[in-house]
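**Q** just a sequence and a predicted model for now, questions to come.
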Amino acid sequence: PSAAAPYLELINLAVYPWDRARFGGTWDDVAAFCAAHRCAGIEMYTGYEPAHADIPTGLVKGVHLPFHSAWPEMMAAAREGEGLASPDQGRKPGAGTTPHDTPVAAGPDPLDPSFFPHTTHASLQAALRCQLERAADLGAAYAVCHVGYYRPEEMFTRTYAMGDGAVLGRAAAFLNELAGAFPGGEPPVPLMFENLWYPGLTYTDPDAILAFMDLLAFERYGFVLDTGHLMNKVATSDDEDDCIDAVCKTIRALPAAILDKIEVVHLHWSGSHSLRQEHLRRGVPNGFAAMARHDQEALAFQYAVLTDQHRPFTSPQCREIVAAARPDWVVHEFVVTTAEEHGEALDMQRGALGHGMARTGPPDGTSVYEQ
């Protein structure tokens, strides 16, 4: 086997000052941490703000676009206002849907602009176009896009009004509009679609994913495998090896057309099965229905943070995930509070992977997945 991994290794970092403060406060401090830990750079989570002019050239390898939980509702409202058909009209019964699919309401619940930076479809599309242009200016190799939808109360019940097919059909329309605004109908950086544990891209309905791919009108795209998110969807145990087995079983069942498009892995694990079962037992919080939408979303987000644990792998079995996915990029995606914790988590997960062999240059064509 080669002494170098066949993928580039990154760390996750938000664009905001509070996140880079743990490295010292400056972007140069972040770059120094990456160099010291043999990482090629960062995947940077963005909001809607301009990028910082002092980010060192080459540091940002990927950009994670912000996610708006009401995107299908705003799109439905815009289409109704323009007299356009909804994605449900003309659909064959059962095509790309589940028995639980229902149309998205034409208008969203009131969206408080103090909580939601964008409250219309047009505004959100414009903001995401701007962030894609900024990603290109930073030299990013890709931009991550969450592809999912939930109604706030569904985060607690895990009983969803729409299935993967219905959400992915709407996402294709949303993304085609987004990409279609650029020259040649292609985004300035490739879009990488990330799986979640609520409806949309979950990797548990391959037919829905293949239909989604057929609907896309642009070619510069791929998929992200977020290992913790998939565990939140399919794992039935809190044990790390059991969670890994559940992920491997799911992704090995994917058709080659999907598996070959997985270019990024967000590597971390989440043993939250018991917690999820407890939340199901408790149900929707008292008074939830009477809350404003933004308060519902805040509670749902708090629960999501508890569910999605972002732990470093310790079991060597995690190598099987990477071997099955064969990504170009591995993002060590942790939730930590200090640079020391981040370094320890990196060392732990790399130890589980069986290498200290991060590389910082381009792939040389040598594969060491089958070690």
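**A** Great, that's in hand. Quantities reported herein were computed from a predicted structural model and do not represent experimental measurements. Residues are numbered from 1 along each chain as shown.

**Q** quick one: low-confidence parts of the chain?
**A** Within the chain, the stretches with pLDDT under 70 are 1-5, 83-108, 356-371.

**Q** tell me which stretches of it form helices.
**A** In the chain, the segments counted as helices under DSSP state H are 17-20, 27-36, 71-81, 121-137, 154-157, 164-180, 206-215, 227-234, 240-252, 256-259, 273-282, 293-307, 318-325, 339-353.

**Q** which one of those helices lies closest to Asp112?
**A** helix 293-307 (4.6 Å; CB to CB). Using the backbone N, CA and C atoms, a C-beta is placed for each residue, glycine as well.

**Q** so which of the helices of the chain comes closest to Leu111?
**A** Using CB to CB, the nearest of those to Leu111 is helix 293-307, at 6.3 Å.

**Q** flag every buried residue along that closest one.
**A** Residues of helix 293-307 classed as buried: Arg293, His294, Gln296, Glu297, Leu299, Ala300, Tyr303, Thr307 (neighbour count, 16 or more other CB atoms under 10 Å).

**Q** let me see the contact set for the residue nearest to Val15 when sequence neighbours are not counted.
**A** With sequence-adjacent residues excluded and distances taken as CB to CB, 6 or more residues apart in numbering, Val15 is closest to Thr46, at 5.0 Å. Each residue near Thr46 by CB atoms under 8 Å, 6 or more residues apart in numbering is listed here: Val15, Val63, His64, Leu65, Pro66, Gln131, Arg134, Ala135.

**Q** returning to what we had before: out of the buried residues of helix 293-307, which comes closest to Arg38?
**A** Thr307 (31.1 Å).

**Q** still on that earlier bit, a markdown table for the contacts of Thr46, including distance to Trp197 and neighbour count?
**A** A markdown table is the format used below for those (distance: CB to CB, whole Å; neighbours: other CB atoms under 10 Å):
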| residue | distance to Trp197 | neighbour count |
| --- | --- | --- |
| Val15 | 25 | 20 |
| Val63 | 23 | 26 |
| His64 | 17 | 28 |
| Leu65 | 19 | 22 |
| Pro66 | 19 | 18 |
| Gln131 | 24 | 21 |
| Arg134 | 29 | 20 |
| Ala135 | 26 | 27 |
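
**Q** Ala352: which of those residues is nearest?
**A** Nearest to Ala352 among the contacts of Thr46: His64, at 23.6 Å, using CB to CB.

**Q** tell me which residues form a beta bridge with the closest one?
**A** As for beta bridges, His64 partners with Tyr45, Val144 under DSSP bridges.
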